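In: Mind folding the following:
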Amino acid sequence: MSERVPPDPAAGAEGAPRPSPDAQPAGAGASAAVEGARMAVEGARVAVEGARAAVDSAKLAIEAARSSAEEAESAAGPGDAAGGENGTGAADGTSEADPQSAPAAATDAPSGEELREAAAHGVRWSLISRPAVELIQLGSIVVLTRLIAPAEFGRFAIAVIAQEVAYGTIAGGLSNALVQRRAANREHLQTGLALALMIGVAMTLLTLLLATVVAVPVFGEQTAHLVRLMAPLCLIAGFTAVPMATLRRRMQFRRVSEMELAGTVGRVTVCIALALAGLGGEALVLGVLAGAVLTAGIAWASAPPPAPRLHRRAARELIDYGLPVSLSAIGWLGLRNVDYAIVGARLGPEATGLYYRAYTVAVEYENKISVVMSQVGFPVLARTRDHDELTRLHRQMVRTLTIVVFPLLVLLAIGAPVLIPFLFGSRWGGAVTPVQILTVGGAATLVIDAAGTVLMSKGRTRALLGYGTGQFIVYGLAVLAVVHWGIVAVAIAAAAVHTAFLFVAYGLILHGTPERPLRRLWEDLSPALVSCAGMAAVTLPLSIAMTALGIRPLLWLSLLGLAGACGYAATLRIFFLTTWRSQLAVVRRILPLERRLGSFGRRAAALAARSSA
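Out: Numbering: from 1, shown residues only. As a prediction, this is how the structure comes out:
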């Protein structure tokens, strides 16, 4: 339910070069790693070039959106958008003559059709940037897991909590408070920036203190060193919060996608370059910092905020919404990191590294799709005042997420014994069983995040706080109770707790309505669940047969994916025809191929329509 986007763990452990052959392979192993990185970067370049053609075709739609925004600002009148002491500042802190500026303080609610089009536009840009981002990240993971031992990832899993706290608290509280408001004038932006910087400085100092007081005695000096190195990220998050909120208020999802791509390229480039130079874990943490600085710089250039200044009334309004959300974010941060902390303290860094890799593969990577939907969906849902329309948008969000991601999780669970060693190397074999178990938790958290977006859009911050705190406490106690049995037991506890709290989440979002949570949950998930069962009926026996025949990993995985896709699509098409048609409509809305491919696109669209009839 948090909007946090966790960094891909392109980081490892200690700062100094390590003599271990696992940590710094030489010769052919290093050459293979470098070649893998080059292939990933080249693939990303191809994806970016392909995206440029789509950028040109989207310009007309963007210009039309800007014109509509300027008309809305004119209709709102000078009093609505004015801010500052003289009442002449633009609502988002930019000049009123700037044609790029959209009115942050406009209070007129868009129509349902406008909101759906804005959501489609946002998802469209995410689909343009996301393949390039994921390709780059996958290449970096393949390289870095061969350069860095599991124990180093375990230490990084503890150090990354500083980043979780920074972005979860500041972005989750202040940034979302600005996005959720129907009107945010110059005073709100000034106050938001002032509060974000104050919190960033305080959290940086607190992180440095905790690194000495807590990390050293519990996890060791090597881990504490990485925690100290990560501390400035708290201040960087403070600088980023308000410009990012402004871009999201304007629904400028194209720029947000470009920022994400640029930050990923910067982070991965620095990580791999310095790791190959022998700086080890320090280099990888510095890569995370470099990506954050690059993202912050682009955000400021895209939506420069006004100078920070505290205004009592604006501060009270932002804190009323932001404080419960920030506290809830802390609960979610605990939820997402308490298992790493307990495993690290009880089982050591190597077990932590294996569990960290399993959790990121089975839960975090898939949830990046839900984060994209949340980034797009939150500002859209926050401007939806009709309950029925909000329900329709949420249901469409959940069905799209589950129909896309659930089959990937099933394939991951079945293919993990081949996929994990193939991608990361044989020394990561201990992560296979936890990956298979945690796919259940990944499916549950995917849907929980969408429910959290609804609670935030409705302003139900206290319910969100109670939910996050409760899940954090239950999850921490469950992990603590089973950790002495190893990381497989921890994975079982994680999957069980996440699944149980999925039912609690639906009870919260439907509170006060006549709908029954269990029935609504089944209606939302049944197309994906039943279709996944059909896919498993095909892929599970196939995987057993291919393993017995000794088929090579790449061919094994390719055949599994092809068979799974056919079985899944056939089941969805046969048993859920209405959902099949609605998802085709969503695809056509997000990717209007008919306009971009001319007569070929029209023939393809007609063929797709006939296949759904």
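In: give me the element residue 563 is part of.
Out: helix 553-575 (DSSP states H and E).
In: Following element in sequence after the helix or strand containing residue 217, please.
Out: If you go by DSSP H and E, residue 217 is part of helix 216-219. Sequence-wise, the next helix or strand downstream of helix 216-219 (DSSP H and E) is helix 221-230.
In: List the buried residues of the helix holding residue 217.
Out: 216, 219 (16 or more other C-beta atoms under 10 Å). Quick note: C-beta positions are derived from backbone N, CA and C, even for glycine.
In: list the helices and strands that helix packs on?
Out: Judged by 3 or more C-beta pairs under 8 Å, 6 or more residues apart in numbering; DSSP states H and E, the packing partners of helix 216-219 are helix 312-347.
In: by contact count, what packs against the helix it packs on?
Out: helix 150-159, helix 161-166, helix 176-180, helix 186-210, helix 216-219, helix 349-359, helix 461-482, helix 487-509.
In: Of all those, which one comes closest to residue 401?
Out: Nearest to residue 401, of all the helices and strands packed on helix 312-347, is helix 487-509, at 13.0 Å by C-beta to C-beta.
In: Buried ones in that closest one, by neighbour count?
Out: 487-499, 501-502, 504-509.
In: do stretch 282-299 as well
Out: Those would be 282-299, for stretch 282-299 by 16+ other C-beta under 10 Å.
In: hang on, the earlier thing: out of the helices and strands packed on helix 312-347, nearest to residue 240?
Out: For the helices and strands packed on helix 312-347, proximity to residue 240 was assessed by C-beta to C-beta; helix 186-210 is nearest, at 8.3 Å.
In: what separates residue 236 from residue 175, distance-wise?
Out: Distance of residue 236 to residue 175, given as C-beta to C-beta, to the nearest Å: 13 Å.
In: between those two, who's got more neighbours?
Out: Using other C-beta atoms under 10 Å as the criterion, residue 236 and residue 175 rank with residue 175 on top: 26 against 20.
In: list the contacts for that one?
Out: 192, 196, 241-242, 244-245, 248 (C-beta atoms under 8 Å, 6 or more residues apart in numbering).
In: Endpoint to endpoint, stretch 170-178 covers what distance?
Out: End-to-end span of stretch 170-178 (C-alpha to C-alpha, to the nearest Å): 11 Å.
In: Also stretch 199-219?
Out: OK, stretch 199-219 end separation, C-alpha to C-alpha: 26 Å.
In: Check residue 553 and give its pLDDT.
Out: Per-residue confidence (pLDDT) for residue 553: 94.
In: what's the closest non-adjacent residue to it?
Out: Excluding the flanking residues, the one nearest residue 553 by C-beta to C-beta, 6 or more residues apart in numbering is residue 422, at 4.2 Å.
In: ok, residues contacting stretch 344-358?
Out: Contacts of stretch 344-358 (C-beta under 8 Å, 6+ apart): 9, 13, 145, 149-158, 218-219, 223, 339-340, 343, 424, 428, 430-431, 434-435, 438, 483-484, 486-487, 490-491.
In: Turn the buried ones among these into a named PyMOL selection, would you?
Out: Burial among the contacts of stretch 344-358 is assessed by 16+ other C-beta under 10 Å; the matching PyMOL selection reads:
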select buried, resi 9+13+145+149+150+151+152+153+154+155+156+157+158+219+223+339+340+343+424+428+430+431+434+435+438+483+486+487+490+491
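In: Okay, and the residue nearest to residue 553 sits in which element?
Out: helix 387-424.
In: cool, residue 514 as well?
Out: Going by DSSP H and E, residue 514 is not in any helix or strand.
In: What backbone torsions are found at it?
Out: Per-residue torsions, residue 514: phi -80, psi -10 (degrees, to the nearest 10).
In: Could you dump the helices and strands packed on helix 312-347 into JSON lines and include distance to residue 271 and mean pLDDT?
Out: What follows is these, written out as JSON lines (distance: least, C-beta to C-beta, whole Å; pLDDT from 0 to 100):
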{"stretch": "helix 150-159", "distance to residue 271": "11", "mean pLDDT": "80"}
{"stretch": "helix 161-166", "distance to residue 271": "14", "mean pLDDT": "72"}
{"stretch": "helix 176-180", "distance to residue 271": "29", "mean pLDDT": "75"}
{"stretch": "helix 186-210", "distance to residue 271": "21", "mean pLDDT": "88"}
{"stretch": "helix 216-219", "distance to residue 271": "22", "mean pLDDT": "88"}
{"stretch": "helix 349-359", "distance to residue 271": "16", "mean pLDDT": "89"}
{"stretch": "helix 461-482", "distance to residue 271": "29", "mean pLDDT": "86"}
{"stretch": "helix 487-509", "distance to residue 271": "25", "mean pLDDT": "93"}
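In: out of those helices, nearest to residue 137?
Out: Relative to residue 137, the nearest member of the helices and strands packed on helix 312-347 by C-beta to C-beta is helix 349-359, separated by 13.7 Å.
In: Next, the angle helix 221-230 makes with that closest one.
Out: Helix 349-359 runs at 50 degrees relative to helix 221-230, counting by axes from the mean of the first three to the mean of the last three C-alpha atoms, to 10 degrees.
In: Can you show me the CA trace of helix 349-359 as CSV?
Out: Extracted in CSV, the C-alpha atoms of helix 349-359 (Å, rounded to 0.1, in the frame of the first residue of the first chain):
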residue,chain,number,x,y,z
PRO,A,349,24.5,-11.9,6.4
GLU,A,350,24.6,-14.8,4.0
ALA,A,351,21.2,-16.1,4.9
THR,A,352,19.9,-12.5,4.8
GLY,A,353,21.4,-12.1,1.3
LEU,A,354,19.6,-15.3,0.0
TYR,A,355,16.3,-14.2,1.6
TYR,A,356,16.7,-10.7,0.3
ARG,A,357,17.2,-11.9,-3.3
ALA,A,358,14.2,-14.3,-2.9
TYR,A,359,11.9,-11.5,-1.6
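In: got the angle for it vs helix 487-509?
Out: Using the same axes, to 10 degrees: helix 349-359 against helix 487-509 is 40 degrees.
In: The helix holding residue 563 packs against which elements?
Out: Using 3+ C-beta pairs under 8 Å, 6+ apart, helix 553-575 sits against helix 387-424, helix 517-549, helix 577-590.
In: Pick the most deeply packed of these.
Out: Highest mean neighbour count of these: helix 387-424, a mean of 20 (counted as mean count of other C-beta atoms under 10 Å).
In: and that one, what does it pack onto?
Out: For helix 387-424, the contact count by 3+ C-beta pairs under 8 Å, 6+ apart identifies helix 112-147, helix 365-382, helix 432-457, helix 517-549, helix 553-575, helix 577-590 as packing neighbours.
In: between it and helix 553-575, how big is the angle?
Out: Relative orientation of helix 387-424 versus helix 553-575 (the same axes, to 10 degrees): 160 degrees.
In: Which two among the contacts of residue 175 are spaced furthest apart?
Out: Spatial extent of the contacts of residue 175 (C-beta to C-beta) is set by the pair 196 and 248 at 14.7 Å.
In: Tell me the secondary structure at residue 307.
Out: coil (DSSP: H, G, I helix; E, B strand; the rest coil).
In: give me the number of residues near it?
Out: 10.
In: can you check residue 566 too?
Out: Residue 566 - counted by other C-beta under 10 Å - has 13 other residues nearby.
In: my read: it touches residue 537, true?
Out: No - with contact defined as C-beta atoms under 8 Å, residue 566 does not reach residue 537; the gap is 11.9 Å.
In: Of all the residues in the helix holding residue 563, which ones are buried?
Out: Of the residues in helix 553-575, 556-557, 559-560, 563-564, 567-568, 571-572 count as buried by neighbour count, 16+ other C-beta under 10 Å.
In: relative to helix 517-549, how tilted is that helix?
Out: Orientation note: helix 553-575 sits at an angle of 140 degrees relative to helix 517-549 (the same axes, to 10 degrees).
In: Give me the contact list for helix 553-575.
Out: For helix 553-575, using C-beta under 8 Å, 6+ apart, the contacting residues are 403, 407, 410-411, 414-415, 418-419, 421-422, 527, 530-535, 537-539, 542-543, 546-547, 551, 579-580, 612.
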